[in-house]
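>>> Sequence plus the predicted model coming up.
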Amino acid sequence: MAGYNLEGIEAAPLKDDVDIVIPTIRSLDFLEQWRPFLQHYHLIIVQDGDPSIKIKVPEGYDYELYNRNDINRILGPRANCISYKDGGCRCFGFMVSKKKYIYTIDDDCFVAKDPSGKEINVIAQHIKNLETPSTPHYFNTLYDPFREGTDFVRGYPFSLREGVQTAISHGLWLNIPDYDAPTQLVKPRERNTRYVDAVMTIPKGVLYPMCGMNLAFNRELVGPAMYFGLMGEGQPISRYDDMWAGWAAKVVCDHLGFGVKTGLPYLWHSKASNPFVNLKKEHKGLHWQEDMVPFFQNLRLSKESDTAAKCYMELSKMTKEKLTKVDPYFEKLADAMVTWIEAWEELNPPVKNEASEELNPPVKKTQSDGEDVKAKG
Ligand SMILES: O=c1ccn([C@@H]2O[C@H](COP(=O)(O)OP(=O)(O)O[C@H]3OC[C@H](O)[C@H](O)[C@H]3O)[C@@H](O)[C@H]2O)c(=O)[nH]1
Ligand SMILES: [Mn+2]
């Protein structure tokens, strides 16, 4: 055993170091079922769509809620980098958080059970994934060597067994799988009933389709690279928010020496969005991904890019240079990537050392109707 025994992790691990970010355009009733696992954590709710609609947050949760008016007020002209009418708006929550870890979940996701019938504590598993090293340089055939009851197999070089810091933990889904519209159309009744008891590191140099439905990451390592793009209303593409972020964040993690894991935990995805609507939203992505994926596979970031923010600024330049020929949209996206980093750095100024004057006061968060956003419970 490689020495990380997190099996006994308590029900609400690191509750002061995690923010739960939820994009919503419908209802938050799903939080009732999550109380045993999520109620101890602070929520950042990003309300998409019409800001005049009042979203009800179930009693007992501590939260901040931001609608479009709040985003416009806090970011000013830079708000135009945050998607409207697309789940990608969630990344605003990543930006305003001050915590080390983010867990983001969709509002049609529920608690799943493992094969023994035990309810799955997604946060506890994501924290285990993030708090134990990844092994991107050499594949361990017994999967995650840092889990209880497994280890590195014969032939695994000892020089590589320390692993690297884990930046992203990508969870999966029972019931409705995250299929694209064409697949959903030809397999409307397909349900994922297969629970695979494994966590594995995605090897360095390999991309993957990151889904934002059940996702956790270390904000301090990779936050600036987790921009969910410019999608939704007014844009030629939607539902590629998490894909763009996943490709970008993976090349940044590879470059900075961080790891990405996928597998456990599972949640129960309850709602199949309408495949015909989805096809309209994502059809350009189905074409463009044949160019976007090779773009990310072939790019090389410079050694001067030694932080996620610097990597992302370099990525923006490369996006403009290499993808604008695919569609002029990518020039607009490249500019939005720069705006995102500028906004991120304004809301998350570098921490000054003890000797210097007071840290910048945190961004004042108030709701659009003027009352202070208070931790509500
Ligand atoms: O205009 C919108 C649409 C949705 N949301 C919120 O985003 C979450 C995902 O929405 P939904 O469950 O309807 O989409 P799915 O097809 O199941 O999700 C996949 O595709 C879209 C995203 O990339 C998502 O991460 C994928 O899992 C949900 O919380 C909606 O309320 C929104 O804010 N604005
Ligand atoms: Mn869904």
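Happy to help now that I have it. Ligands and ions are numbered 1, 2, ... in the order given.
>>> what separates whichever residue of the stretch 201-350 of the chain sits closest to ligand 2 from ligand 1, distance-wise?
Nearest residue of the stretch 201-350 of the chain to ligand 2: Lys271, at 4.9 Å (Cβ to the ion). Backbone N, C-alpha and C define where each C-beta goes, glycine included. Distance of Lys271 to ligand 1, computed by Cβ to the nearest ligand atom, to the nearest Å: 6 Å.
>>> what's the answer for Glu345, then?
In terms of Cβ to the nearest ligand atom, Glu345 sits 25 Å off from ligand 1.
>>> All the helices of the stretch 1-150 of the chain, residue numbers only.
Assigned by DSSP state H, counting those that start in this stretch, the helices in the stretch 1-150 of the chain fall at 31-38, 68-75, 91-96, 122-131.
>>> most packed of those?
With neighbours defined as mean count of other Cβ atoms under 10 Å, the helices of the stretch 1-150 of the chain peak in mean count at helix 91-96, which reaches a mean of 25.
>>> Now that one - C-alpha only, CSV.
What follows is helix 91-96, C-alpha atoms only, in CSV (Å, rounded to 0.1, in the frame of the first residue of the first chain):
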residue,chain,number,x,y,z
CYS,A,91,-17.2,28.8,-14.2
PHE,A,92,-18.2,32.2,-12.8
GLY,A,93,-18.6,30.2,-9.5
PHE,A,94,-15.1,28.9,-9.8
MET,A,95,-13.9,32.5,-10.2
VAL,A,96,-15.6,34.0,-7.1
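>>> returning to what we had before: in a markdown table: the helices of the stretch 1-150 of the chain, plus distance to Asp106 and mean pLDDT.
Putting those into a markdown table (distance: least, Cβ to Cβ, whole Å; pLDDT from 0 to 100) gives the following:
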| stretch | distance to Asp106 | mean pLDDT |
| --- | --- | --- |
| helix 31-38 | 12 | 96 |
| helix 68-75 | 19 | 98 |
| helix 91-96 | 13 | 98 |
| helix 122-131 | 12 | 97 |
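>>> Relative to Lys56, which of the ones you listed is closest?
helix 31-38 (10.2 Å; Cβ to Cβ).
>>> close to ligand 1, is the closest one?
No - figure legend: helix 31-38 not in contact with ligand 1 (Cβ under 6 Å from any ligand atom); closest approach 11.6 Å.
>>> Write out the residues of the stretch 201-350 of the chain neighbouring ligand 1.
Counting by Cβ under 6 Å from any ligand atom, the residues of the stretch 201-350 of the chain near ligand 1 are Cys211, Gly212, Met213, Gly232, Arg239, Asp241, Asp242, Lys271, Ser273.
>>> at 8 Å instead, please
Neighbours of ligand 1 within the stretch 201-350 of the chain, by Cβ under 8 Å from any ligand atom: 211-213, 228, 232, 238-243, 269, 271-273, 278.
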